[in-house]
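In: with the sequence up front, the predicted model follows.
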Amino acid sequence: CAVGKYSNVTGISEGCRDCPAGTSLDVEGGSSRSNCSACKAGSTSPRASSTCTLCTVGKYTPKVGTPEGDCLNCSAGTYLSVEGGSSISNCTECKAGSTSSKSSETCTLCPVGTYAPSPNTPTDGGCIDCPAGTSLNYQGGSSLNNCTNCSAGTSSHNGSATCTNCPTGKFTTKQATKTPCEDCHRGKYASSTGTSISCIKAKPGQYVSSYGASSYQSCEAGTYSYKNESWNCTKCDAGTFSDSSGSSSCLYCPN
């Protein structure tokens, strides 16, 4: 009989039987089922096998005589980096800041903008987003404390790697704000990004008619605005005039 097979009947090669899955026989001429040796814990075999094969990385079997394909998966949140695992205790917990799916060879660090405070964290739904108003620019965050507050003039959404400057026309004076940057009110503007103070007030002779403006407009000739934060300009009264843009008052017409 060939390797992996045996027969207890002499002279009949066609009657050789397969050693069952989970056993092996590495010599020819097997004469008994007892010649088929059970695979050790941590290894498996198919039927008629000459050798047993170690469970692949990320898997284990504590049983002697395990058939091929019956190695067990290390659970999500653990890993096993060597072949031949023979016990669930061979599966090592992922450290805080990392995760794994089932039957993993290694753990994977939480991506930027996220963290995992507990060991043994599964990949699916495992890492937690840093909240809006904070950021985390490196992998492997293990605590909410790793998420850094955004400075005034910047904001972020959930799971952000960096905080983003408020665009022109918007501002925020708060740190770690969970709301988007606010529009400048009418009568004010922000001409640069990252505004961390109140928006700039339109001066006399200027106006800002819309929310979220990035610049002011000058009153046209024949109109004026006399106060800060004007939304619009006023026409000169009868008998008065302004002959240039940006006037804060009108002049009396000459006699």
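Out: Structure's in. What do you need?
In: contacts only, for the residue lying closest to residue 88 once chain neighbours are set aside.
Out: Counting by C-beta to C-beta, 6 or more residues apart in numbering, residue 60 is the residue found nearest to residue 88 once chain neighbours are left out, at 6.5 Å. Where you see a C-beta, it was placed from the backbone N, CA and C, and this is true even at glycine. With contacts defined as C-beta atoms under 8 Å, 6 or more residues apart in numbering, the neighbours of residue 60 are 42, 71-72, 74, 80, 85-88, 90-91.
In: let's see it at 10 Å
Out: Residue 60 makes contacts with 41-42, 66, 71-74, 80, 83-91, 103, as judged by C-beta atoms under 10 Å, 6 or more residues apart in numbering.
In: residue 40 now?
Out: Residue 40 makes contacts with 52, 54, 61, 63-66, 84, 86, as judged by C-beta under 10 Å, 6+ apart.
In: these, buried ones only, as a PyMOL selection?
Out: Typed into PyMOL, the line below selects the buried ones among those, using 16 or more other C-beta atoms under 10 Å:
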select buried, resi 52+54+61+63+65+66+84+86
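In: out of the contacts of residue 40, who's nearest residue 151?
Out: Proximity of the contacts of residue 40 to residue 151 (C-beta to C-beta) peaks at residue 84, which lies at 52.3 Å.
In: so the closest one makes contact with residue 90?
Out: Yes: checked against C-beta atoms under 10 Å, the pair residue 84 and residue 90 is within contact range at 8.6 Å.
In: list just the nearest of the contacts of residue 40 to residue 126.
Out: Proximity to residue 126 was ranked across the contacts of residue 40 by C-beta to C-beta; first place goes to residue 61, at 26.1 Å.
In: which residues does the residue nearest to the closest one when sequence neighbours are not counted contact?
Out: The shortest distance from residue 61 to any residue that is not its chain neighbour, by C-beta to C-beta, 6+ apart, is 4.8 Å, and that residue is residue 71. Residue 71 makes contacts with 42-44, 53-56, 58-61, 63, 83-85, 103, as judged by C-beta under 10 Å, 6+ apart.
In: which ones are touching residue 254?
Out: For residue 254, the residues meeting the contact criterion (C-beta under 10 Å, 6+ apart) are residue 241.
In: surely it is in a strand?
Out: No: checked against DSSP: H, G, I helix; E, B strand; the rest coil, residue 254 lies outside a strand; its state is coil.
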